[in-house]
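Novice: need a structure here:
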Amino acid sequence: MIEWGTGRNPSRARGRAETWPEGRVAAPRPYWPGISEWPGALARYVKDSAAVDFGPGRLIPWVPVAFGLGIAIYFTAEHEPSAIASALLVIAGLAVTYTARMRPVAFPLAVLVTAIAAGFAAVTIKAVLIAHPVLERPVFGAAITGFVESREERERSDRFTVRIHSLEGMKQKELPERVRVSVKRGHAPAVGAFVSFKARLTPPLAPLRPGGYDFARDQYFQRLGASGFVTGAIKLERPPAPPTWRLRYATMIDGVRDGIDKRIRAAVPGDAGAIASALITGKRDAISSSVNEAMYVSSLAHILSISGYHMAIVAGVVFFTIRALLALIPGMAVRRPIKKWGAVGALTAAAAYLALSGAEVATQRAFIMTAIVLIGVMADRAALTLRTLSVAAMAVLLIAPEAVVHPSFQMSFAATLALVAAYERGLPWAIASRDTTLRARVALWGGYQLLALIFASLIAGLATTPYAAYHFHRIAPYGVLANLLAMPIVSLWVMPVGLLALVAMPFGLDAPLWRLMGTGIGWMTDVAQWVTSLPGAVGRVSAFGVGALLLATGGLLVMCLLRSRLRWAGVVPVVVAGLMAMHAPKPDFLVSASGDVVGVRTGEGRLAIVRFGGDAFAIRDWLSADADARSHTDKTLRDGFGCDPQGCVARTKDGAIVAVSRSAQTLAEDCTRAALVVTQREAPPGCAATVLDRKALQTSGASEGFREDGRWRLETAYPPGYARPWAKRAPAETPPATARPASRDATPREEDLEAGD
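Specialist: Numbering: from 1, shown residues only. The predicted model follows:
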């Protein structure tokens, strides 16, 4: 019996955490009160709905959400938090949670607050554990020795990561732990080799615009302290010490991957072979840029990144194959738990696939999710629930807390969460099990599968749209169509044939199977290119702030995690987020961190961009964020700028002059005539214009400005006082010549941000 006055249930064991009384956990009945009764009825409805949504067992999915929120808060700090203070905060939260364990409202709130503190502490402590030096200024002709830990083949060049043993001219405390360098295609050394070479190194790439993706932060958590490119011959040297067991393991796996990659590419040349290798070994860097772009535009790019979809197919094929073969043995299915044996075999295959594919973060996440589902099968537990997803999310965030700000993590869990929630809401899956004739059942089964595929593509596409728009500034209007045409072929043809080819490889019978796999991939790429050719296939979206993304995320969580009709309240923040994104202001000027690329929004509303050497990566990023379809090589980009050897001048849409000064002679004049002066020199004191000079750029990074009431409102990538381990800036007295960026090969690719499912 429940004591309504106290909220206690005497029948419960003393000391057990109290939640909502069981007498209240019932779905509220529809009721239409009179106008005068609305306030009280609404309060009762919300209260009863909350009892359903936050009753026993419903709090668990919110714990990883709170944990991830704590991690996100860490990345908003302007200076590095104290690990000790963060740990003490978690201890205090645990104490409060224990004290409130008997209170039905205070206890879940305390749990969530403690989870936020725990997420903040987890990433803070990891940053301390992986602390390593980051290059602060470019180094030219650096003599490097070290072990090769990984390598990648790309369309025009190769890239490899070296664990530094020595770097000439640098103190030991300033020595980067690892560097990633590019080299001419086909010249990357083997994994495990000890090499020496000379390279041009640059600090990790800072955001290309305020609010843009922070490549330096991403590289810091990969333990990369610099990037660059090889400038001389690479020599194999005798190692000063034996390689570690991890390096020996990486060497073995890389050798296996290379062997499989060569067999596939020999049997299936071109993009089909490159994609087949990407699906089996994870080596997706040799895919041509045109096909890669078509896969992104058509929303099929998730197929190229080994993640949840691929892991599910591998585990599913092995599971059902083992179970079917065992069921053919008379009496085996009756006397033995062949379902559990199939799960063990599937888990083993998934682990092997994880190792073979290179074990990237997205693949690790997919393996954890798959392993939890298979362990649930072994333990006779429901496999696909919000609790399963919650455990997988917590496991990933504990291993790699920095993943919470990566688009791959956001998009994969958003899609999975939406699909699981839709599954739990009772979609019309039962239509396939109606008692009909065999012929009707077969026809109905086909229609059911088609409907399920359309619905799943639609749900996953809608759930990932905010993240694709935020990170990649594009949406896929025909994504459902592309997935509907391509995914059945990939699921039923490409991946099963690829697995069969792996089994046949030791016997030398794999070549016909690889060619058969390539035929299915050809269909997929044809679909991608056809969809890309449709009118309006490239849905460009202007950049918008993180506030809109957080609102959309909150709305998605409310709609997916709540069970009562209150879940539809999540539509409101999603709509508001969409309106915010649509009306996000566009900057009136942009300046790169080195000051050699400047963009001004002219009276036509488009950016006019001028570049003085350096890299075009910033231009591509700016055009993408501006929803501008022009290429970085478009000759119209300079329209709006008037230039001479001394500099350039452009006018904003309200007529204000922006001057780019290239010499000391014109700098003084620009200070009196222009509203904004950008220069790689140091501006003279008393300059009347708003100035972005060498000192300002080196301390603040890339900048953008908004023209408001005749004045400039400036935003910078690194605001004043910003001090994080991945955002170290070179001293202001560094001469401008050393601020030259490396070539495109020295920077991360756009594919480094790609999403997985």
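
Novice: what's the biggest strand in the chain, counting residues?
Specialist: Counting by DSSP state E, the longest strand found in the chain is strand 139-153.

Novice: partner strands of it, with direction?
Specialist: strand 157-167 (antiparallel), strand 194-202 (antiparallel) (DSSP bridges).

Novice: list the buried residues for the shortest one?
Specialist: Spelled out, that is strand 194-202. 194-197, 199-202 (16 or more other C-beta atoms under 10 Å). All C-beta atoms are positioned from the backbone trio N, CA, C, and that covers glycine.

Novice: need the helices for the stretch 451-600 of the chain, in chain order.
Specialist: Taking DSSP state H, counting those that start in this stretch, the helices of the stretch 451-600 of the chain run over residues 479-489, 495-504, 511-533, 546-561, 571-582.

Novice: possible to save those as TSV with mean neighbour count, distance to Ala463 and mean pLDDT?
Specialist: Shown next, in TSV, are the helices of the stretch 451-600 of the chain (neighbours: other C-beta atoms under 10 Å; distance: least, C-beta to C-beta, whole Å; pLDDT from 0 to 100):
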stretch	mean neighbour count	distance to Ala463	mean pLDDT
helix 479-489	21	12	88
helix 495-504	20	23	91
helix 511-533	20	20	94
helix 546-561	20	6	94
helix 571-582	17	10	94
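
Novice: quick one: closest of those to Arg154.
Specialist: Closest to Arg154 of the helices of the stretch 451-600 of the chain is helix 511-533 (C-beta to C-beta; 18.9 Å).

Novice: where does the stretch 551-700 of the chain dip in pLDDT?
Specialist: Counting by pLDDT under 70, the stretch 551-700 of the chain has low-confidence residues at 614-615.

Novice: in this structure Val230 contacts Val181, no?
Specialist: Yes: taking contacts as C-beta atoms under 8 Å, Val230 lies within contact range of Val181: 5.5 Å.

Novice: what touches both of these two?
Specialist: Residues touching both Val230 and Val181 by C-beta atoms under 8 Å, 6 or more residues apart in numbering: 197, 199.

Novice: ok, Leu135 to Val195 distance?
Specialist: In this view, Leu135 and Val195 are 19 Å apart by C-beta to C-beta, to the nearest Å.

Novice: next one: Ala346
Specialist: Computed as C-beta to C-beta, the Ala346 to Val195 distance reads 40 Å.

Novice: next one: Ala115
Specialist: Ala115 sits 45 Å away from Val195, going by C-beta to C-beta.

Novice: Ala359 too?
Specialist: For Ala359, the distance to Val195 - C-beta to C-beta - is 23 Å.

Novice: could you do Ala468 as well?
Specialist: 39 Å.

Novice: what do you get for Leu562?
Specialist: Distance from Leu562 to Val195, by C-beta to C-beta: 56 Å.

Novice: what's the answer for Trp530, then?
Specialist: Distance from Trp530 to Val195, counting by C-beta to C-beta: 45 Å.

Novice: what do you get for His302?
Specialist: Here the criterion is C-beta to C-beta. By it, His302 lies 35 Å from Val195.

Novice: for Val373, same thing?
Specialist: Distance of Val373 to Val195, computed by C-beta to C-beta: 42 Å.

Novice: repeat that for Thr370.
Specialist: Counting by C-beta to C-beta, the gap from Thr370 to Val195 is 37 Å.

Novice: just Leu397 next, same as before
Specialist: Relative to Val195, and taking C-beta to C-beta, Leu397 is found at 36 Å.

Novice: look up phi and psi at the spatially closest residue to Arg662 that is not a sequence neighbour.
Specialist: For Arg662, ignoring the flanking residues on the chain, the nearest one in space by C-beta to C-beta, 6 or more residues apart in numbering is Gly647 at 4.3 Å. Gly647 adopts backbone torsions of phi 150, psi -170, taken as degrees, to the nearest 10.

Novice: got the contact list for Gly647?
Specialist: So Gly647 contacts 659-663, 666, 670 (C-beta under 8 Å, 6+ apart).

Novice: repeat the analysis, applying 10 Å as the threshold.
Specialist: Contact analysis of Gly647 by C-beta atoms under 10 Å, 6 or more residues apart in numbering lists 610, 612, 641, 659-663, 665-667, 669-670, 677-679.

Novice: show the buried residues in those.
Specialist: Among the contacts of Gly647, the ones that count as buried by 16+ other C-beta under 10 Å are 610, 641, 659-662, 666-667, 670, 677-679.

Novice: pretty sure Ala115 contacts Ile73?
Specialist: No: counting by C-beta atoms under 10 Å, Ala115 sits too far from Ile73 to count as a contact (11.9 Å).

Novice: more neighbours, the two?
Specialist: Taking other C-beta atoms under 10 Å, Ala115 and Ile73 do not tie; Ala115 has more neighbours (23 against 15).

Novice: what pLDDT does the model give the nearest residue to the more buried one once chain neighbours are set aside?
Specialist: Spatial nearest neighbour of Ala115, chain neighbours left out: Ala66 (3.7 Å); criterion: C-beta to C-beta, 6+ apart. On pLDDT, Ala66 comes in at 96.

Novice: do Phe194 as well
Specialist: 95.

Novice: ditto for the one 5 residues further on
Specialist: Per-residue confidence for Ala199 comes out at a pLDDT of 93.

Novice: right, I'll leave it there.
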